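S.K.: coords please:
(chains A and B)
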Number of protein chains: 2
Amino acid sequence: MRAVELTVVKTDGAARAGRLRTPHGEVETPAFMPVATQGTVKSLSPDDLRAAGAQIILANTYHLFLRPGHDVVRELGGLHRFMAWNGPILTDSGGFQVWSLAKLRKIGEDGVEFRSHVDGSLRFLSPEICVAIQHALGVDILHPLDECLAYPATVEATERSLALTLRWLRRSVAAHGRGAGALFGIIQGGAIPELRRRAVEEVCALDLDGHAIGGLAVGEPKDVMYATTELCAGLLPADRPRYLMGVGKPADLVECVARGVDMFDCVLPTRNARNGQAFTRDGAITIRNARFARDPSPLDPECRCEACRLFSRAYLRHLFAARELLVYRLLSLHNLTFYLGLLADMRAAILEGRFEAFRARFLGRYGDSGVESLGSSDLSSTDPED
Amino acid sequence: MRAVELTVVKTDGAARAGRLRTPHGEVETPAFMPVATQGTVKSLSPDDLRAAGAQIILANTYHLFLRPGHDVVRELGGLHRFMAWNGPILTDSGGFQVWSLAKLRKIGEDGVEFRSHVDGSLRFLSPEICVAIQHALGVDILHPLDECLAYPATVEATERSLALTLRWLRRSVAAHGRGAGALFGIIQGGAIPELRRRAVEEVCALDLDGHAIGGLAVGEPKDVMYATTELCAGLLPADRPRYLMGVGKPADLVECVARGVDMFDCVLPTRNARNGQAFTRDGAITIRNARFARDPSPLDPECRCEACRLFSRAYLRHLFAARELLVYRLLSLHNLTFYLGLLADMRAAILEGRFEAFRARFLGRYGDSGVESLGSSDLSSTDPED
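M.R.: Numbering: from 1, shown residues only, chains lettered A, B, ... in the order given. Here you go, the predicted model:
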């Protein structure tokens, strides 16, 4: 029996609604995974996550390796118990973080040497170490160490990088063996369709429990992201979950569900919350704006989260202006409620065979024009990556 | 009928257990009031406050006057609705904050001119304005503008200051008139027993709904604080609530309940939480300490708060080391649960006529040696005063 298994309940065009069985319970798909970088979704408790509608969360292998250390987490009973989240947990490979956060990377066939962004210490990650870390954490879904390329990259560089990622994948599969949890294969290949095709072919030959589409949302144009997603999703086997890594804005989620993606993660809802941006059904609003100073209405009158049930925009603006900690939690709770509600709405639309109508209405009403791509100049966090 | 009224249910020595009726419900006394400086108890929601056992909270007139402005709060339906707290709210006078936070104070018979610590703007507070602000906020218990003296002060300076505070009090009483809420009289007089006696006499002549003992916890020795509290509480009428402003550490609460105080407020539980200090029944612990790195036990095995129910010391230490926002909320929730539980325990002991035994046991086991008096070098807040 596979460690995780997707049952597709209904398809509507390329969009799919399903149920993903995991060692820690079932997840309705398409699913959005809040990001618990360091073993906590920033500012939120496990109860908050449940209240927002989360069924599965993502944690970062790289961050937990550096702090507090996977040995500590294992000693404390594993990541689920450590952070008091009894639902499924997916960990990424650490590859993206090594490339985006660590300093002085030295990459070789064996693995990657780098300096920790936490304390500057010299650290080493190999495919085998990466799997061992995730085994120690005791997560439901693991990812193999991969190399992330900046966009744009030449065909030659992309090909060389993909080949290394595929060799590392085979080592990861061997290291995982019959260990607990499901190892997903990551499809790389940059913006080169031929390389993406080759990646799908070679990864799928390994008969893994699920597939991640990686190397997107790294600065490429939107049409490249959508086309690459469509290409990969269309080639990946229908009976395995498809996870699009690090995506994205609300409209991206709709567009990529339309292309057959089942799982997403992104720091946008929580990071933007900490910077004062709230998602509403009519677009994103910036709560620090002076026009909300005396606004008695909730962030979103259609939302039932704690922030919208109890508080006015005026109060939230006051808290934000005064840098009061409560506001980061309330906006994070609201934004995750929005994201998770969007996924639930998409699932309902697919089940009822009206996904195209939903997609057209959502994109017509919403658009992502107001959504800020906020960098790491995050006022309320010293951590460079959410 | 008085706006607030204390029913003393039981006395045990000088200690009293009672019920304080207010426009927003009843409060069991002795009571501790969490501090919602800017209209939020830092990092906590109204549900969190209820879960910790809070029945009444304190907000700061000075802070809400400067930001968002009392007119804004009134327009939004008053402070209870603004911050979604439907229990009683007490506001202090702003006197202490003007003296401790504002710059370039110019004090005259009419009032005090100062520069806002928020934006440097020139502002003015008089006894009348101070009452008007609190009426706009719509609070249950108001306080008159008073002058706070640094410790130590000469007899002459203390006498001059007390006289001004008493003249301001009479203007405040006139300004309050038959307005909503109860105006408490503040007893000043520094460390001079004769002046404290005179203050009690003159304030009590005004037949107010309750009395606050002010000007303590400003750097005086502990025996001076206890002696002054004992003197004032002993002279104040038994049928009115006695509120000791800004006190204190756990042992101070026990010692001052023993001297007849009914109400307390202090930033210590929440401020120390944000600096990583947790109160336990065996003393205070500093969660950032390396010895907790692999400690699987909760902060306090006797505590039932969310932090202690769900998380290990090791996890809390990890969150604190990573400066994760969740830890400030969890420690604040825990520390307030500790404080409010201590008050509930004292009340039970008084009701059962065993307060002296409780006091001896608590002080023997606890002591305040580990409790840090943390200043405003608060890592997680830009606000100089909690």
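S.K.: who in the stretch 151-300 of chain A is up against chain B?
M.R.: Contact residues (Cβ under 8 Å from any Cβ of the partner chain) of the stretch 151-300 of chain A with chain B: A:293-294, A:296. C-beta: built from backbone N, CA, C; applies to glycine.
S.K.: Any of the residues you listed buried? List them.
M.R.: Burial by neighbour count, 16 or more other Cβ atoms under 10 Å in any protein chain shown: within these this picks out A:293-294.
S.K.: Rebuild the residues of the stretch 151-300 of chain A next to chain B as CSV, extending it with secondary structure.
M.R.: Shown next, in CSV, are those (DSSP: H, G, I helix; E, B strand; the rest coil):
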residue, secondary structure
A:A293, coil
A:R294, coil
A:P296, coil
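S.K.: mind giving me CSV with the residues of the stretch 151-300 of chain A next to chain B and columns for pLDDT?
M.R.: Listed next are these as CSV, based on pLDDT from 0 to 100:
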residue, pLDDT
A:A293, 98
A:R294, 98
A:P296, 98
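S.K.: give me every residue that touches the most far-flung residue of chain A relative to its centre.
M.R.: Here chain A reaches farthest from its C-alpha mean at A:R294, the gap being 35.6 Å by Cα atoms, centre = their mean. Listed by Cβ atoms under 8 Å, 6 or more residues apart in numbering or on different chains, the contact partners of A:R294 are A:314, B:72, B:75-76.
S.K.: quick one: which two of these are the most distant?
M.R.: Spatially, the most separated pair among these is A:A314 and B:E75, at 8.2 Å (Cβ to Cβ).
S.K.: joint contacts of those two?
M.R.: Shared contacts of A:A314 and B:E75, counting by Cβ under 8 Å, 6+ apart, come down to A:294, A:296.
S.K.: Those two - which one has more neighbours?
M.R.: Legend: neighbour count by other Cβ atoms under 10 Å in any protein chain shown for A:A314 and B:E75, higher for A:A314 (22 against 16).
S.K.: could you list every residue that touches the more buried one?
M.R.: Going by Cβ under 8 Å, 6+ apart, A:A314 touches A:292-296, B:68, B:72, B:76, B:82.
S.K.: For it, what is the enclosing helix or strand?
M.R.: helix A:313-321 (DSSP states H and E).
S.K.: if we can go back for a sec, filter the contacts of A:R294 down to just the ones in helices.
M.R.: Of the contacts of A:R294, the ones assigned to helices by DSSP state H are A:314, B:72, B:75.
S.K.: can you list those residues in a markdown table and add distance to B:A205 and pLDDT?
M.R.: As requested, those are exported to a markdown table (distance: Cβ to Cβ, whole Å; pLDDT from 0 to 100):
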| residue | distance to B:A205 | pLDDT |
| --- | --- | --- |
| A:A314 | 42 | 98 |
| B:V72 | 37 | 98 |
| B:E75 | 37 | 98 |
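S.K.: which among those residues gets closest to A:V267?
M.R.: Checking the ones in helices among the contacts of A:R294 against A:V267 by Cβ to Cβ gives A:A314 as the nearest, at 27.6 Å.
S.K.: quick one, domains of chain A?
M.R.: If you go by automatic domain parsing, the domain ranges for chain A are A:5-266, A:273-365.
S.K.: what about the helices in the stretch 201-350 of chain A?
M.R.: Here the stretch 201-350 of chain A has its helices, by DSSP state H, counting those that start in this stretch, at A:222-235, A:250-257, A:268-274, A:306-310, A:313-321, A:325-351.
S.K.: Looking at these, which one is packed in the most?
M.R.: Most buried of these, by mean neighbour count (mean count of other Cβ atoms under 10 Å in any protein chain shown): helix A:268-274, with a mean of 26.
S.K.: Spit out the contact partners of A:A199.
M.R.: When contacts are counted by Cβ under 8 Å, 6+ apart, A:A199 touches A:162, A:165-166, A:187-189, A:232.
S.K.: most surrounded residue in those?
M.R.: Most surrounded of these: other Cβ under 10 Å gives A:I187, at 34 neighbours.
S.K.: Check what pLDDT it gets.
M.R.: A:I187 is assigned a pLDDT of 98 by the prediction.
S.K.: In this structure it contacts A:G210, no?
M.R.: No - A:I187 lies out of contact with A:G210 (Cβ atoms under 8 Å); the separation is 11.2 Å.
S.K.: quick one: low-confidence parts of the stretch 1-150 of chain A?
M.R.: Applying pLDDT under 70 to the stretch 1-150 of chain A flags no residue at all.
S.K.: try it again with 80
M.R.: Low-confidence segments of the stretch 1-150 of chain A (pLDDT under 80): A:104.
S.K.: can you give me the helices in it?
M.R.: With DSSP H, counting those that start in this stretch, the ranges of helices along the stretch 1-150 of chain A come out as A:46-52, A:61-66, A:70-75, A:79-83, A:95-100, A:127-137.
S.K.: okay, those helices in a markdown table with distance to chain B next?
M.R.: As requested, the helices of the stretch 1-150 of chain A are arranged in a markdown table below (distance: least, Cβ to the nearest Cβ, whole Å):
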| stretch | distance to chain B |
| --- | --- |
| helix A:46-52 | 7 |
| helix A:61-66 | 8 |
| helix A:70-75 | 6 |
| helix A:79-83 | 5 |
| helix A:95-100 | 14 |
| helix A:127-137 | 13 |
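S.K.: ok so, going back, out of the contacts of A:A314, which comes closest to A:R304?
M.R.: Distances from A:R304 to those, taken by Cβ to Cβ, are shortest for A:P296, at 17.9 Å.
S.K.: got the contact list for that closest one?
M.R.: Counting by Cβ under 8 Å, 6+ apart, A:P296 touches A:312-314, B:75-77.
S.K.: Could you do A:A54 as well?
M.R.: Here A:A54 is in contact with A:32-34, A:41, A:87, A:336, A:340 (Cβ under 8 Å, 6+ apart).
S.K.: contacting residues for the closest residue to A:E324 other than its chain neighbours?
M.R.: Take A:E324 and drop its neighbours on the chain: the residue closest to it by Cβ to Cβ, 6 or more residues apart in numbering or on different chains is B:T40, 5.0 Å away. By Cβ under 8 Å, 6+ apart, the residues touching B:T40 are A:319, A:324, A:326, B:83.
S.K.: Now tabulate the residues you listed in a markdown table and tack on distance to B:P269.
M.R.: What follows is the contacts of B:T40, written out as a markdown table (distance: Cβ to Cβ, whole Å):
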| residue | distance to B:P269 |
| --- | --- |
| A:L319 | 20 |
| A:E324 | 17 |
| A:L326 | 16 |
| B:M83 | 19 |
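S.K.: The residues you listed: which two are farthest apart?
M.R.: A:E324 and B:M83 (10.5 Å).
S.K.: With neighbour numbers in mind, choose between these two.
M.R.: B:M83 (27 against 24).
S.K.: doesn't B:T37 make contact with the more buried one?
M.R.: No - using Cβ under 8 Å, B:M83 and B:T37 do not qualify as a contacting pair, with a distance of 11.3 Å.
S.K.: Now do the shared contacts for these two.
M.R.: The contact lists of B:M83 and B:T37 share B:A59, where a contact means Cβ under 8 Å, 6+ apart.
S.K.: so who does the nearest residue to A:A17 once chain neighbours are set aside touch?
M.R.: Spatial nearest neighbour of A:A17, chain neighbours left out: A:I350 (4.1 Å); criterion: Cβ to Cβ, 6+ apart. Counting by Cβ under 8 Å, 6+ apart, A:I350 makes contact with A:10-12, A:15-17, A:30, A:257.
S.K.: Are any of those buried, and if so which?
M.R.: The buried subset of the contacts of A:I350 - by 16+ other Cβ under 10 Å - is A:12, A:15-17, A:30, A:257.
S.K.: how near is the residue nearest the centre of chain A to A:F32?
M.R.: Most central in chain A under Cα atoms, centre = their mean is A:D265, positioned 1.7 Å from the mean C-alpha point. Using Cβ to Cβ, to the nearest Å, one gets 7 Å for the distance from A:D265 to A:F32.
S.K.: again, but for A:L363
M.R.: A:L363 is 17 Å from A:F32, by Cβ to Cβ.
S.K.: If you count surrounding residues, which of these two has more?
M.R.: Remark: of A:L363 and A:F32, A:F32 carries more neighbours, 28 against 15, as counted by other Cβ under 10 Å.
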